[in-house]
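*Asks:* What follows is a predicted protein model with its sequence.
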There are 2 protein chains.
Amino acid sequence: MAHGALDEKEISPIVQSPVIATAASSEVGTKPKATCLQQYFSEESRNFQGSALKKTTRLISNFLPLGTGRPHAELYPWTSGDANWPTFLNKPNGSEGRAGVPSTYTLANALTYGTALGAPPLVQFLTEHMRLIHNPPYQDWAVCLTCGSTSALDIIFRTFTNRGDIILAEKYSYPGIIESAALAGVEIQPVDLDDQGLSPDKLGQILDQWNTLERPKPKVLYTIPSGQNPTGVTQSQERRRAIYEIAERHGLIIVEDDPYYFIQLGPNATSDGSNPEAVSRHLVPSYFSIDKSGRVIRLDSTSKILAPGLRAGWVTASRQVIDKYAAYHDLTTVSVSGLSQIVLHDLFNLQWGQEGFSTWLQTLSLKYTQRRDITVAACHSFLPSDICSFVIPDHGMFLWISIDVRKHPMYAAEGHMGQGWCSQVEDRILTLGLANGVQVTKGSLFFTKKSSKEAELFFRLTFAAAKEHDLAEGVRIFANAVKTEFNCRGSP
Amino acid sequence: MAHGALDEKEISPIVQSPVIATAASSEVGTKPKATCLQQYFSEESRNFQGSALKKTTRLISNFLPLGTGRPHAELYPWTSGDANWPTFLNKPNGSEGRAGVPSTYTLANALTYGTALGAPPLVQFLTEHMRLIHNPPYQDWAVCLTCGSTSALDIIFRTFTNRGDIILAEKYSYPGIIESAALAGVEIQPVDLDDQGLSPDKLGQILDQWNTLERPKPKVLYTIPSGQNPTGVTQSQERRRAIYEIAERHGLIIVEDDPYYFIQLGPNATSDGSNPEAVSRHLVPSYFSIDKSGRVIRLDSTSKILAPGLRAGWVTASRQVIDKYAAYHDLTTVSVSGLSQIVLHDLFNLQWGQEGFSTWLQTLSLKYTQRRDITVAACHSFLPSDICSFVIPDHGMFLWISIDVRKHPMYAAEGHMGQGWCSQVEDRILTLGLANGVQVTKGSLFFTKKSSKEAELFFRLTFAAAKEHDLAEGVRIFANAVKTEFNCRGSP
């Protein structure tokens, strides 16, 4: 299959115009407005306004995009333009797959009602994929398709938490989990992390010292173990084993949200990809792969490796959890879109097979490695090293730039004013970056606890979204914004 | 476009095999089983096991399907087989629509992250459709795509109800709403209905006599106004206006779930379909069309008129409600599958236009009218008229057969034993029908309150799922099962 890229312009997100979705504007003024419905909203929904991160990305366009984790078109396996509708769909009736086996999931299947778990041949492929890569040490695990991992997290909250509960998560984490927790009425207890990710020591400390008389102990740990969002760090094998043992001791469910697992950066990306089992030996073991007792719920997504528009991923866990998950499908989305399923089925079963999928993931890792290297080199060249620091990620698509606020010229004068003061500095750097043509993401969006008194300042950069040759320029503009704010020599 | 039908075999639902979705069966016995997780489940999910109706349909195959409302392939606008992937997708790059306007929603847009409301040109088409057909008398209404109406109902429960609330619904209703209510911890207060649908008198009575000291008054009415599921009845224009006035007086939100609105049966189906505004004059006015104050939430679905596998529909309501709905999309499915959206966009905007959509709906109405007439004639021929009665539907796909249990030979002997006794009779008729090759749906699945002491017996028949030439035979087998149970002359 050709891997020609879609045009940058084509892949850019559609900016939502509120006018389009409202009644014809000619009606405004000639008809009354609706009554206020605020009193009708539920406890859950009353103050709920959706995703702040998504709102910021909606407003942004025409910038070098170092902010949002929307991979560039060249990082997806599709050919360019409408004319090149994925070729695997243009198969003759009764088309044969790679192994000469006729497809058992046809367009007709895709267009009718689907099942909660997903089309059997697709679920079968993913089950085999999970066995080849993770092969967990217990027997009754199963796979269910998801309408993406955001949807899966919502269902997991509904399945495992009551309002007032507390869950554990990395101190800085995916805004989706922060907002889902808020919607579910659940508090997040942050756990510190360092350049090797979530700290087992800190986790153990929190749980050992938990006062169960005050509040029931958390029973869910949410973690992004590889190429963590936003910090980019990956937990080592030792850390994972130590954290799993703590989970066993304290009875934690581990929600392993792992969309960047296959985006390996560095030497491992260059290994031969055509043998999935060999590839799995280079991968750091997932929590699912060391799960003796069926307490891990693993989320895989197609959004970073195939196409986010499919709105499809898969959850793998103990059969008990998967049954519950499928029950939620029955009363929510019923199934993943049949068209998304047939595209995945055709790609996996008729075109790629396990080997082809694995090869694609290695191809992708090489592309990301190249982008990371360019970005890291630019950071070393342009960022003021006395103010900015970062860990070079070996998975994923993010660079987490830590900025030492004590170096700010006003720090001494204005004193240490905590998060509120940092927010102003953060806003000014963001605004200056935008004014000069780069979009980055504010670190504060990832704080699982907003009330922090610590004076912390971060920005998340991604090397996934921009054109490769724009990455260095984006970093340069961002670096200049930091330098200007910090009054450094060399500002523009 | 050709309207050739898919094969019966092709469209039949995939029966889910639990083995496929579990780990390789070779692992059974060699690895331990997962620990029991029951204690981890939330209040909401602990006893939740998904949809009973969906479970029954999963087990059934090789019967004349008069049970499940899964329309036959000939009732969808797709051509046959994989080779005929909808032709509107095979357009040259930069393809032009009917009006010569280039498509503004490309495959590249479809494959990347979508927006919560839906692709603007698709939402624009649907907004124009809503204006042409319903044109509500207030100004700030809007449209948002849904991942199907089941998903929409779940979001509506989350938006408008707290655990312990009560909502109003027809006494017999869609099992999805009964199960969604149970999941949300919401009670359904049944409202009687007759051959013209939901009774405004009974609704007014319930609300006028509500003891607000005991429990807060319901604030949501859920109704299926046209071709009601399961009764098949349609509310007259007068009824709708009377019910709307009650809603205004008592401050009710009306959830108008209307998937059968365009499936008109009888004389109206024969009118010219190419002018949507003319068509709308033949349609009974929707609640949305008479909504002065923005209290109606209208659900439209593609499942009965285009393809259920798309998992797509749309919700139309006051902008306040749509904003909340889109917020839920942000933290759940994010958007409808881009592939479902591009198929709908191409069909509506590039191929059909408003006129083409309207013409298709008229074509569909004619097909359904023919099917209804065959089924009704068979019912008149085969059902024992002293025991069975039904209202001839003028919308939708259902016949609700009421069976007079007092005519049962054991009724006098065993005495009136309420719903439990009726259930046994119901089970025997169902089983005998299946044994002879027909699948129908038990009426008790649609009872919004299970504790009813009334001795009621119903079956729901659909003329949507079977091949047209099998409908009469299906009715004959069902009628024989009834006759056998009731010891009538003429049983097989």
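*Replies:* In hand now; what should we look at?

*Asks:* which residue packs closest to the residue in the stretch 251-400 of chain A that chain B sits nearest to, ignoring adjacent ones?
*Replies:* Distances between the stretch 251-400 of chain A and chain B by C-beta to the nearest C-beta are smallest at A:Gly294, namely 2.4 Å. Every residue, glycine included, has its C-beta placed from N, CA and C. Excluding its sequence neighbours, the residue lying closest to A:Gly294 (C-beta to C-beta, 6 or more residues apart in numbering or on different chains) is B:Ala34, at 2.4 Å.

*Asks:* hang on, that neighbour packs against A:Ile297?
*Replies:* No. Applying C-beta atoms under 8 Å as the test, B:Ala34 and A:Ile297 come out as separate, 11.3 Å apart.

*Asks:* Show me what A:Cys388 is bridged to.
*Replies:* Counting by DSSP bridges, A:Cys388 forms beta bridges with A:Ile403.

*Asks:* Pull the number of nearby residues for it.
*Replies:* 22 (other C-beta atoms under 10 Å in any protein chain shown).

*Asks:* From A:Phe398, how far off is it?
*Replies:* 15 Å (C-beta to C-beta, to the nearest Å).

*Asks:* do the same with A:Gly114
*Replies:* From A:Gly114 across to A:Phe398, the span is 34 Å (C-beta to C-beta).

*Asks:* who has more neighbours, these two?
*Replies:* More crowded of A:Gly114 and A:Phe398, by other C-beta under 10 Å: A:Gly114, with 27 against 24.

*Asks:* which ones are touching the more buried one?
*Replies:* With contact taken as C-beta atoms under 8 Å, 6 or more residues apart in numbering or on different chains, A:Gly114 is in contact with A:334-336, A:338, A:341, B:14, B:309, B:311.

*Asks:* now do A:Ile392
*Replies:* A:372, A:376.

*Asks:* for A:Ile133, same thing?
*Replies:* Contacts for A:Ile133 (C-beta under 8 Å, 6+ apart) come out as A:276, A:279-280, A:283, A:286, A:289.

*Asks:* Which of those residues fall within helices?
*Replies:* A:276, A:279-280 (DSSP state H).

*Asks:* Which one (most neighbours) among the residues you listed?
*Replies:* Greatest neighbour count in those, by other C-beta under 10 Å, goes to A:Val279: 23 neighbours.

*Asks:* check which helix or strand covers the residue nearest to A:Gly294.
*Replies:* When secondary structure is defined by DSSP states H and E, B:Ala34 falls outside every helix and strand.

*Asks:* Surely A:Phe48 and B:Lys324 touch.
*Replies:* Yes. Under the criterion of C-beta under 8 Å, A:Phe48 makes contact with B:Lys324 at 7.0 Å.

*Asks:* Looking at those two, which one has more neighbours?
*Replies:* B:Lys324 (25 against 19).

*Asks:* In three-state terms, how would that one be classified?
*Replies:* helix (DSSP: H, G, I helix; E, B strand; the rest coil).

*Asks:* so what's it scoring on pLDDT?
*Replies:* Note for B:Lys324: predicted pLDDT of 93.

*Asks:* Hmm, B:Ile156 and it touching each other?
*Replies:* No. Assessed by C-beta under 8 Å, B:Lys324 is found out of contact with B:Ile156, at 9.5 Å.

*Asks:* Overlap of the contact sets of those two?
*Replies:* With C-beta under 8 Å, 6+ apart applied, the contact sets of B:Lys324 and B:Ile156 do not overlap.

*Asks:* what stretches of chain A score poorly on pLDDT?
*Replies:* Confidence mapping of chain A against pLDDT under 70 gives the ranges A:1-29, A:54-61, A:78-103, A:269-273, A:414-417, A:451-452, A:489-492.

*Asks:* May I have the phi/psi pair for the closest residue to chain B within the stretch 101-250 of chain A?
*Replies:* Relative to chain B, the nearest point of the stretch 101-250 of chain A is A:Ala108 (3.5 Å; C-beta to the nearest C-beta). When read as degrees, to the nearest 10, the backbone of A:Ala108 gives phi -60, psi -40.

*Asks:* ok, and what's touching whatever helix or strand A:Glu238 lives in?
*Replies:* Using DSSP H and E, A:Glu238 sits in helix A:237-250. Applying C-beta under 8 Å, 6+ apart, the external contacts of helix A:237-250 come out as A:196-198, A:200, A:203-204, A:207, A:217, A:221, A:223, A:225, A:235, A:252-254, A:284-287, A:290-293, A:295.

*Asks:* Of those, which belong to helices?
*Replies:* A:200, A:203-204, A:207.

*Asks:* May I ask which of these has the most neighbours?
*Replies:* Most neighbours among those, by other C-beta under 10 Å: A:Leu203, with 25 neighbours.

*Asks:* I'd guessed it sits against A:Leu168; true?
*Replies:* Yes. Applying C-beta under 8 Å, one finds A:Leu203 in contact with A:Leu168, separated by 7.0 Å.

*Asks:* All set now, cheers.
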